Every structure is written in C-alpha cells, then in structure tokens.
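K.L.:
what shape does this take:
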Amino acid sequence: MSATTIKDNENIDDWISQVEAARIRSVSKQAIAKLIRRNRLSAREIGGRMLVRRSEVEAFVPMPIGRPRKKAAPKKQAVPKKQTD
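P.N.:
Numbers count the residues shown, from 1 in each chain. Now for the predicted structure:
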C-alpha cells in the first residue's frame, strides 16, 4: 500500500479508520481497503493503522456497475436509388 505518515500541519481529526469509513458508506471494511488499493481513496498510516480522509469518504461517488456501453455509431442516411427508365 502506498501510505505515508500524517505530517505535522495536518489535523488528525480529518482522518478516520477504515471501519468508520465502512460504516459511513454502508459497506464492508474490505470494500474500503479495496478502494485504497485502487487509489480511489487516499490513506495514511498512523501507528500501524490505515486511516482515510473523512471528506473523501463522504464525497465518494462509486463508478457504475458493469462494462461501459459502446458509443453508438451515427446512423447512415438512406440514399435514394436511381431509377432506370
């Protein structure tokens, strides 16, 4: 995991545990850990515990489920056939 320690100028109250983040999002702790691994949530390590920023957890918007739809190709205009008389 790419975690760093909290610097002196950051407020520790802005950071919450993975368990608390899971409660806020109504998901499992493993789901939060997966978001951290995929860099969808930033995390910091303090005393061996991974913490996430509360504001990121509250503002998190999940991606839609499934594969994205293919973009529809523009419809071709019907070309009238020439009449042979």
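
K.L.:
can I assume residue 24 is in contact with residue 59?
P.N.:
No - with contact defined as CB atoms under 8 Å, residue 24 does not reach residue 59; the gap is 10.8 Å. Any C-beta I mention is one placed from the backbone N, CA and C, and that applies to glycine too.

K.L.:
wait, what's in contact with the residue nearest the centre of the chain?
P.N.:
For the chain, the residue sitting closest to the mean C-alpha position, by CA atoms, centre = their mean, is residue 40 at 4.1 Å. Residue 40 makes contact with residue 60, according to CB atoms under 8 Å, 6 or more residues apart in numbering.

K.L.:
can you tell me the element it falls in?
P.N.:
For residue 40, there is no helix or strand it lies in under DSSP states H and E.

K.L.:
residues of the helix or strand of the chain with the lowest mean pLDDT that come out buried?
P.N.:
With mean pLDDT, DSSP states H and E as the measure, the helix or strand of the chain carrying the lowest mean pLDDT is strand 43-46 (a mean of 90). Of the residues in strand 43-46, those with enough neighbours to count as buried (16 or more other CB atoms under 10 Å) are 43-44.

K.L.:
now do that strand: which elements does it pack against?
P.N.:
Using 3 or more CB pairs under 8 Å, 6 or more residues apart in numbering; DSSP states H and E as the contact criterion, the neighbours of strand 43-46 among helices and strands are strand 49-53.

K.L.:
contacts for stretch 57-74?
P.N.:
Counting by CB under 8 Å, 6+ apart, stretch 57-74 makes contact with 16, 21, 24-25, 32, 35, 40-41, all of which sit outside it.

K.L.:
farthest-separated two in these?
P.N.:
The largest separation in the contacts of stretch 57-74, counting by CB to CB, is between 16 and 40 at 15.8 Å.
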